[in-house]
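Chemist: starting from these lines, generate the structure:
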Amino acid sequence: MKKITIYTDGSSLGNPGAGGYCAIISYGEHEVVVKGSEKNTTNNRMELLAVIEGVRALKEPCEIAVISDSTYVVKGINEWISNWIKKSFRDVKNPDLWKMYLEVSKNHKVKCTWVKAHAGHHFNERCDQLAKSEAEKVKALV
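Modeler: I've put the predicted structure just below:
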């Protein structure tokens, strides 16, 4: 199984507001950037959507290290999701995205690591800039 690193970040201009996300997929010397936006969303939705779209872009089962500055995403994936499944996502925010995450990640082994935001981590800073840029683009269209 290939070992892949996916760096992610999400942005929301207002919460809710225009949002953007970015995932940088890194494998050896190769790098792929996945990014996008939504007109009216929250920061947590964009953080999670970055992971979903990064994982969705993979063509084969992989061992994935997700690097995120979102405690919500990291704890959601590493700690909380098994209990959410048991209670059928009752009283869980963003159940649509968590179910989507389960679908796209089912053939992979995923482990998340938290990094401090705006602390000079190269890939986190790049993801942050690209996610904000996507949010600004969609905000300009509204």
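Chemist: mean confidence score for stretch 112-131?
Modeler: Stretch 112-131 carries an average pLDDT of 94.
Chemist: also stretch 69-86?
Modeler: Here the average pLDDT along stretch 69-86 is 97.
Chemist: contacting residues for the closest residue to I25 other than its chain neighbours?
Modeler: With CB to CB, 6 or more residues apart in numbering as the criterion, I25 has its nearest non-adjacent residue at 4.4 Å, and that residue is V32. Yep, even glycine has a C-beta here, placed from its N, CA and C like the rest. Contacts here follow CB atoms under 8 Å, 6 or more residues apart in numbering; on that basis V32 touches I24, I25, A57.
Chemist: which ones among those residues map onto strands?
Modeler: Residues of these located in strands (DSSP state E): I24, I25.
Chemist: most neighbours among the contacts of V32, which one is it?
Modeler: For those, neighbours were counted using other CB atoms under 10 Å, and I24 has the most, 23 neighbours in all.
Chemist: as a check, name the ranges of all strands in this protein.
Modeler: For the chain, applying DSSP E gives strands covering 2-14, 17-27, 30-41, 62-68, 109-114.
Chemist: save these as JSON lines, and put in distance to A140 too.
Modeler: Compiled in JSON lines, the strands of the chain are given as follows (distance: least, CB to CB, whole Å):
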{"stretch": "strand 2-14", "distance to A140": "10"}
{"stretch": "strand 17-27", "distance to A140": "8"}
{"stretch": "strand 30-41", "distance to A140": "11"}
{"stretch": "strand 62-68", "distance to A140": "27"}
{"stretch": "strand 109-114", "distance to A140": "31"}
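Chemist: of all these, which lies closest to I77?
Modeler: Among the strands of the chain, the nearest to I77 by CB to CB is strand 109-114 (4.7 Å).
Chemist: in that closest one, which residues are buried?
Modeler: The neighbour-count check on strand 109-114 (16 or more other CB atoms under 10 Å) flags V110, C112 as buried.
Chemist: is it correct that A117 is in contact with E125?
Modeler: No - using CB atoms under 8 Å, A117 is not in contact with E125, being 9.0 Å away.
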